[in-house]
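Novice: Sequence below, structure please.
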Amino acid sequence: MELIAYDEAIHLFKLKREDFMLWMVAFLGTLILGVLMGISLAVGLSLIIVIYQSARPQIAILWRIPGTNIYRNMKQEGSGAFISSVFICRIGSSMYFANAAYIKEMILTYVSELEDINKTRYVVLEMTSVVTIDSTAVHMLLDLVQDFRTRNMQVAFCMVERSCLKTMRKAGLEAKIGDQWFFPTVHDAVLFCLKHDHVVRTKKGAISSEGLDIEDISISPSNEVGISNDTNDSCTVVYVTINQETPTTINEMLSVFKKHGAVIHRAFYDALDDADQSGGTIKHTYFLKRGRRPEDAKLRDEEIQVLKSNLEDVIHGRVSKEPSIGNLGRTTSGIEHTSVALAQALSGHANLLAGTDMAEKDMEACYKSSGVGMSKRKSPMSGAAAMSFCSVS
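Specialist: The predicted model follows:
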């Protein structure tokens with residue numbers, strides 16, 4: 001056994017400088033002051049570092065991957081988009097007296113800095129990482145809400161841990177803010193904020209959600225394209241939402257995939273509104289690679305940017321229309337229209353299909369002489385008024 005573990009010191013220096021510093025403090029302290037004092041010094045310094053880090057938690061700004069209900073840290077996801085008038089952030093640790101002021105300061109700073117990019121009327125706080133909250137943090141949150149409300153801005157809380165919610169209720173925070181501003185997911189909070197904003201704008205000057213007919217409003221996604229390399233381990237995932245799509249739209253999208261050498265390994269689609277109506281809103285999801293084999297790579301970042309631009313041209317009608325794929329022969333609903341159109345389109349682009357790597361439960365739209373099926377999921381939405389799910393790039 002070595003008296004001095006040189007290899008461990010070198011490993012810590014390469015891995016993390018803070019751990020190397022603690023190793024050196026323990027080594028030098030033990031060498032100069034003795035074993036007990038040296039170890040005590042290192043432990044004390046470790047506690048100081050832990051307290052400092054917990055007093056300055058990460059506040060991550062979230063944005064949405066277009067075409068999805070997924071909200072990710074903008075530093076980790078480069079293809080996201082801000083929701084118009086809504087600022088979303090994730091608090092990265094438990095909240096207590098040592099970090100409450102810092103959290104408030106950072107939220108106010110971020111909202112101010114993003115004012116020119118996305119004028120904020122709603123602040124959504126995602127609290128997944130907040131395990132505990134003390135009385136100081138509760139007072140800070142109430143001050144933060146009141147501060148924003150003086151500027152005609154609302155604060156919504158989502159994914160609040162049960163023990164934290166219990167503390168908020170005991171402190172009367174939930175009653176003072178309003179239980180309508182607490183939500184199980186980020187997406188639920190965003191939808192409510194958009195509906196509330198629509199009603200407030202319609203009713204000219206109303207700033208309270210009480211009595212507003214928010215439930216009569218439905219949110220309909222706009223035409224949009226989202227591409228991510230982070231939501232799947234092995235494939236680049238393309239999300240395309242289309243209103244009033246046609247068979248030629250699907251054929252043009254597949255032509256874009258072929259142009260970029262992208263191979264479809266899996267695919268499915270969702271009906272986002274009433275699938276019994278012709279030309280409803282359909283969300284397509286494609287899992288792509290740069291080849292047919294399972295070990296082939298995802299698309300590169302530069303390829304993703306060009307692919308996204310080309311797909312946006314297609315769904316917004318900025319490309320020349322190809323001849324119709326074929327007459328469906330009868331009046332069809334929006335979801336049936338998409339199923340048949342995608343089947344016919346894929347039959348003309350057989351080289352886009354990976355075949356052996358295609359999940360049967362997700363993708364059955366392979367060309368067949370007897371007809372082709374397609375995996376589909378229906379998510380109906382109802383309401384008297386409809387509003388576009390707008391994004392600010």
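Novice: Does Met169 fall in a helix, a strand, or a coil region?
Specialist: If you look again at residue 169, you'll see it is Arg, not Met. Following DSSP: H, G, I helix; E, B strand; the rest coil, Arg169 is assigned to helix.
Novice: go on, Thr231?
Specialist: Following three-state DSSP, we place Thr231 in the coil state.
Novice: dump the residue contacts of it.
Specialist: Residues in contact with Thr231, defined by C-beta atoms under 8 Å, 6 or more residues apart in numbering, are 65, 68, 70, 237. C-beta: built from backbone N, CA, C; applies to glycine.
Novice: Of those, which pair is most distant in space?
Specialist: Greatest spacing in the contacts of Thr231, by C-beta to C-beta: Ile70 and Val237 (9.7 Å).
Novice: which residues do those two both contact?
Specialist: Contacts common to Ile70 and Val237, judged by C-beta under 8 Å, 6+ apart, are 228, 231.
Novice: which residue packs closest to Met106, ignoring adjacent ones?
Specialist: Distances taken as C-beta to C-beta, 6 or more residues apart in numbering place Ile59 nearest to Met106, at 4.5 Å, with adjacent residues excluded.
Novice: Quick check, that neighbour in contact with Tyr110.
Specialist: Yes: assessed by C-beta atoms under 8 Å, Ile59 is found in contact with Tyr110 at 6.9 Å.
Novice: between the two, what contacts are shared?
Specialist: Jointly contacting Ile59 and Tyr110 under the rule C-beta under 8 Å, 6+ apart are Cys89.
Novice: helix, strand or coil for Val237?
Specialist: strand.
Novice: Val256 versus that one, what's the distance?
Specialist: According to C-beta to C-beta, to the nearest Å, Val237 and Val256 sit 16 Å apart.
Novice: swap in Met127?
Specialist: 40 Å.
Novice: Check Met37 too.
Specialist: Counting by C-beta to C-beta, the gap from Met37 to Val256 is 68 Å.
Novice: do Cys164 as well
Specialist: Separation of Cys164 from Val256 (C-beta to C-beta): 46 Å.
Novice: So among the contacts of Thr231, which ones count as buried?
Specialist: 65, 68, 70, 237 (16 or more other C-beta atoms under 10 Å).
Novice: Could you grab the helix/strand/coil label for the closest residue to the first one other than its chain neighbours?
Specialist: So that's Ile65. Leaving aside its sequence neighbours, Ile65 sits nearest to Gly226 (C-beta to C-beta, 6+ apart; 4.5 Å). Of the three states, Gly226 takes strand under three-state DSSP.
Novice: what pairs with Gly226 across the strands?
Specialist: Beta-bridge partners recorded for Gly226 (DSSP bridges): Tyr239.
Novice: tell me what the one helix or strand Ile250 maps to is packed against?
Specialist: Using DSSP states H and E, Ile250 maps to helix 247-259. Under the contact criterion of 3 or more C-beta pairs under 8 Å, 6 or more residues apart in numbering; DSSP states H and E, helix 247-259 touches strand 281-289, helix 301-315, helix 334-347.
Novice: got the angle between the first one and helix 301-315?
Specialist: For strand 281-289 against helix 301-315, the angle by axes from the mean of the first three to the mean of the last three C-alpha atoms, to 10 degrees is 150 degrees.
Novice: and stretch 158-175, how far out from the chain's middle?
Specialist: The chain centroid and the centroid of stretch 158-175 are separated by 24 Å, computed with C-alpha atoms, centre = their mean, to the nearest Å.
Novice: sorry, that was for stretch 163-183
Specialist: 25 Å.
Novice: Equivalent analysis for stretch 132-147, please.
Specialist: Its chain's C-alpha centre and that of stretch 132-147 lie 26 Å apart, by C-alpha atoms, centre = their mean.
Novice: Give me the buried positions along that stretch.
Specialist: Buried residues in stretch 132-147 (16+ other C-beta under 10 Å): 133-134, 137-138, 140-142, 144-145.
Novice: what comes into contact with it?
Specialist: 94-97, 99-101, 103-104, 107-108, 155, 163-164, 167-168, 171, 173, 176-177.
Novice: So which of those residues are in helices?
Specialist: 100-101, 103-104, 107-108, 163-164, 167-168, 173, 176-177 (DSSP state H).
Novice: Could you list which of the contacts of Thr231 belong to strands?
Specialist: Judged by DSSP state E, the contacts of Thr231 include Val237 as members of strands.
Novice: Can you give me the pLDDT of Cys390?
Specialist: At Cys390, the model reports a pLDDT of 42.
Novice: Check Tyr6 too.
Specialist: Reported pLDDT for Tyr6: 74.
Novice: That one: neighbouring residues, count only.
Specialist: Per other C-beta atoms under 10 Å, the neighbour tally for Tyr6 reads 9.
Novice: any idea how far it lies from Leu12?
Specialist: Taking C-beta to C-beta, one finds Tyr6 at 11 Å from Leu12.
Novice: Same question for Lys195.
Specialist: Separation of Lys195 from Leu12 (C-beta to C-beta): 52 Å.
Novice: Can you list the low-confidence ranges for this structure?
Specialist: Along the chain, segments meeting pLDDT under 70 span 1-3, 204-213, 215-216, 218-221, 245-247, 272-280, 294, 318-393.
Novice: how is it carved up into domains?
Specialist: Here the domain parsing of the chain from automatic domain parsing is 6-54, 59-212, 221-386.
Novice: how long is the first one end to end?
Specialist: Right, domain 6-54. The stretch domain 6-54 measures 31 Å between its terminal residues, going by C-alpha to C-alpha, to the nearest Å.
Novice: still on that earlier bit, can you list the contacts of Thr231 in JSON lines and add distance to Leu114?
Specialist: Formatted as JSON lines, those follow (distance: C-beta to C-beta, whole Å):
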{"residue": "Ile65", "distance to Leu114": "18"}
{"residue": "Thr68", "distance to Leu114": "21"}
{"residue": "Ile70", "distance to Leu114": "20"}
{"residue": "Val237", "distance to Leu114": "27"}
